[in-house]
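J.: I would like to see how this sequence folds:
(one chain, ligands or ions: 1)
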Amino acid sequence: MAKLQVAIDLLKIEDAIALATKVAPYIDIIELGTPLIKSEGLAGIRKMKDAFPDKLVFADFKTADAGELEADMAFGAGADYITILGATGDSTIAGAVKSAKAHGKGVVVDTIGVKDRVKRAQEAIALGAEFVELHAGLDEQAEEGYSIQVLIDEAARAGVSVSIAGGVNLSSIKAVKESGVVVAVAGAAIYGAEDPAQAAKDLKELLDA
Ligand SMILES: O=C([C@H](O)CO)[C@H](O)[C@H](O)COP(=O)(O)O
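T.: Next up, the predicted model:
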């Protein structure tokens, strides 16, 4: 069964923990988004893990270099997952995988900026990533003509463990699930909802249906 990940793109850890408290019953993975990590640093990761020791905590570092060092930092602060950019070199992914193995944690490769996402996903899994995030970031989503369907189609033919991030919501999550993802990532559809707990509950029900 696919997991549900909430991507928290807020800037204060207190707000992020308050949101996570509301949605925790319906969520498997709590993501500290890149802006939140830049705002709150490693201490923010530690606070989130301390608040939710039974949840998987996902640190969206989007690391482009020094893979082993940055993975050591994230895992040392309590993260269960770190993201490494797929657009970077294999050695950065391999370094982070080395750290993940030492800590018993996982590397997720993020395909932002990658031209051939399916090919890079297959390469990243061969390098030891736990899964690959087929991802259209907030800026790409804002571009004219963007549709999550491209990620859904890629997930269906990837043949390796992938998640989808980039506009997962109540309208798209059924197709996201049917594409075979291991994780569906929802950010604005939850933190931007009038009732985040209800939104997370509805998404979880559709994912589990
Ligand atoms: O990873 C993200 C982005 O790069 C900013 O950190 C988002 O959290 C991710 O795209 C999911 O968010 P939504 O598209 O709002 O669901």
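
J.: report the contact partners of residue 207.
T.: Applying C-beta atoms under 8 Å, 6 or more residues apart in numbering to residue 207 gives the contacts 1-2, 4, 173, 177, 184. C-beta here means a position set from N, CA and C on the backbone, and glycine is covered the same way.

J.: buried residues in the strand or helix carrying it?
T.: Assigned by DSSP states H and E, residue 207 falls within helix 196-208. For helix 196-208, a neighbour-count test (16 or more other C-beta atoms under 10 Å) marks 196-197, 199-200, 202-204, 206-207 as buried.

J.: same deal with stretch 98-107?
T.: 98-100, 103, 105-107.

J.: okay, the residues you listed in CSV with distance to the ligand, pLDDT and secondary structure next?
T.: Converted to CSV, the buried residues of stretch 98-107 look like this (distance: C-beta to the nearest ligand atom, whole Å; pLDDT from 0 to 100; DSSP: H, G, I helix; E, B strand; the rest coil):
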residue, distance to the ligand, pLDDT, secondary structure
98, 24, 98, helix
99, 21, 98, helix
100, 19, 98, helix
103, 22, 98, helix
105, 19, 98, coil
106, 17, 98, strand
107, 16, 98, strand
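
J.: all strands of the chain, in order?
T.: Applying DSSP state E to the chain gives strands spanning 3-8, 29-32, 56-63, 81-85, 106-110, 131-135, 162-165, 183-186.

J.: tell me, how many residues neighbour the closest residue to the ligand within the chain?
T.: Closest contact between the chain and the ligand, by C-beta to the nearest ligand atom, is at residue 187 (2.5 Å). Residue 187 has 23 neighbours, counted by other C-beta atoms under 10 Å.

J.: hey, C-alpha coordinates of stretch 140-158 in PDB?
T.: Output of stretch 140-158 as PDB, limited to C-alpha atoms (Å, rounded to 0.1, in the frame of the first residue of the first chain):
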ATOM      1  CA  GLU A 140       7.600  24.300 -12.500                       C
ATOM      2  CA  GLN A 141       4.000  23.800 -11.300                       C
ATOM      3  CA  ALA A 142       3.400  27.500 -11.800                       C
ATOM      4  CA  GLU A 143       4.500  27.400 -15.400                       C
ATOM      5  CA  GLU A 144       1.800  27.500 -18.000                       C
ATOM      6  CA  GLY A 145       0.600  24.200 -19.200                       C
ATOM      7  CA  TYR A 146       1.900  22.100 -16.300                       C
ATOM      8  CA  SER A 147       0.100  18.900 -15.600                       C
ATOM      9  CA  ILE A 148       0.800  16.200 -13.100                       C
ATOM     10  CA  GLN A 149      -0.200  13.700 -15.700                       C
ATOM     11  CA  VAL A 150       3.400  13.700 -17.100                       C
ATOM     12  CA  LEU A 151       4.700  12.400 -13.700                       C
ATOM     13  CA  ILE A 152       1.900   9.900 -13.500                       C
ATOM     14  CA  ASP A 153       2.800   8.500 -16.900                       C
ATOM     15  CA  GLU A 154       6.500   8.300 -16.000                       C
ATOM     16  CA  ALA A 155       5.700   6.500 -12.700                       C
ATOM     17  CA  ALA A 156       3.700   3.900 -14.600                       C
ATOM     18  CA  ARG A 157       6.700   3.100 -16.800                       C
ATOM     19  CA  ALA A 158       9.600   3.600 -14.400                       C
END
